[in-house]
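Trainee: Sequence and predicted structure below; questions after.
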Amino acid sequence: MEYVLLYFIGFAATTLGTLAGGGGLISLPSMLLMGLPVHSAIGANKVANTVSSFSSFLVIYKNKEITVKEALTVAPLSLAGGITGGIIASYLKEEWMVILAIVLLTFALVTSFLGGANFDGKEPFRATKKSATSLYGIGIYDGVFGPGSGTLALYLYARLKVSYLRAVGLSRIMIFSSCFGASISYISTGKIIWPLTVALMLGSISGAQLGVRLARKLKKEHVGPILRIVTVLLIVQIAVKYFG
């Protein structure tokens, strides 16, 4: 029964995560309520996200909504940021990262009301000094803490006038890069409970495919409100979990 439940948890979390980020709103709390050890729950989530995010990227790439050049620009920046974040994590107090998460998400939410989350552009992604630094920074944040990194990436692409589907594809390759490194760490330290992880991963792959298809049907004026709702829920969840 728990395998079926984990399948549907992965399905729901990755569908949301593909559309607006914030899949951890569903997956991690649900797995912890099921009694999974925290490191095993996080490790399962990282492995599932690695596979599912790459599968959704492949669908978007197959439909020529993103280029290999763009993906190869995003991937190393995110991977380098994730590795840096993993190193920094051993020196920073978790409370500092919680505060940073709330500040970053609140800033993204506020700026979205100033015209920063409309996805009304059609520009290709270009690695400028500003965009590269931002992606590297999001990678660091994902490596240290994580919740909301996909959402922050979508806000960044919106401000760069990237179309929504291209932004989804780029955020998925970013999640793949950062989770890949983390997955290796969790696997090498023996934290993965494989039968449960596989159930979550299969649900995540299904959710990723549905998320990509729903993303095509979403009108751009609906994306901003969904992104803002997810951002508010992330802020509330993080604040309640660590300060409540």
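Mentor: Looks like it arrived, so ask away.
Trainee: only C-alpha atoms for contact and neighbour calcs from this point on.
Mentor: Will do.
Trainee: So which residue is dead centre in this protein?
Mentor: Gly150 (3.1 Å; CA atoms, centre = their mean).
Trainee: what helix or strand does that residue sit in?
Mentor: Following DSSP states H and E, one finds Gly150 within helix 149-159.
Trainee: Let me know the next secondary structure element after that helix.
Mentor: Downstream of helix 149-159 (by DSSP H and E), the next one is helix 164-188.
Trainee: Pull the distance from that next one to the chain's centre.
Mentor: Distance of helix 164-188 from the chain centroid (CA atoms, centre = their mean, to the nearest Å) equals 7 Å.
Trainee: same deal with stretch 214-234?
Mentor: 14 Å.
Trainee: Residues contacting that stretch, please?
Mentor: Stretch 214-234 is contacted by residues 19-22, 25, 105-106, 109, 112, 117-120, 147-148, 151, 164-165 when judged by CA atoms under 8 Å, 6 or more residues apart in numbering.
Trainee: Just the CA atoms of that stretch, as CSV, please.
Mentor: Output of stretch 214-234 as CSV, limited to C-alpha atoms (Å, rounded to 0.1, in the frame of the first residue of the first chain):
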residue,chain,number,x,y,z
LEU,A,214,-0.5,20.9,-18.9
ALA,A,215,2.1,23.6,-19.3
ARG,A,216,1.3,23.7,-23.0
LYS,A,217,-2.4,24.3,-22.3
LEU,A,218,-1.8,27.0,-19.7
LYS,A,219,-2.5,30.5,-20.9
LYS,A,220,0.4,32.9,-20.0
GLU,A,221,-2.0,35.1,-17.9
HIS,A,222,-2.7,32.0,-15.7
VAL,A,223,1.0,31.2,-15.0
GLY,A,224,1.7,34.3,-12.8
PRO,A,225,-1.1,33.7,-10.3
ILE,A,226,-0.2,30.0,-10.0
LEU,A,227,3.4,30.9,-9.4
ARG,A,228,2.4,33.4,-6.8
ILE,A,229,0.2,31.0,-5.0
VAL,A,230,3.0,28.4,-4.9
THR,A,231,5.4,31.0,-3.6
VAL,A,232,3.1,32.1,-0.8
LEU,A,233,2.6,28.4,0.2
LEU,A,234,6.3,27.8,0.2
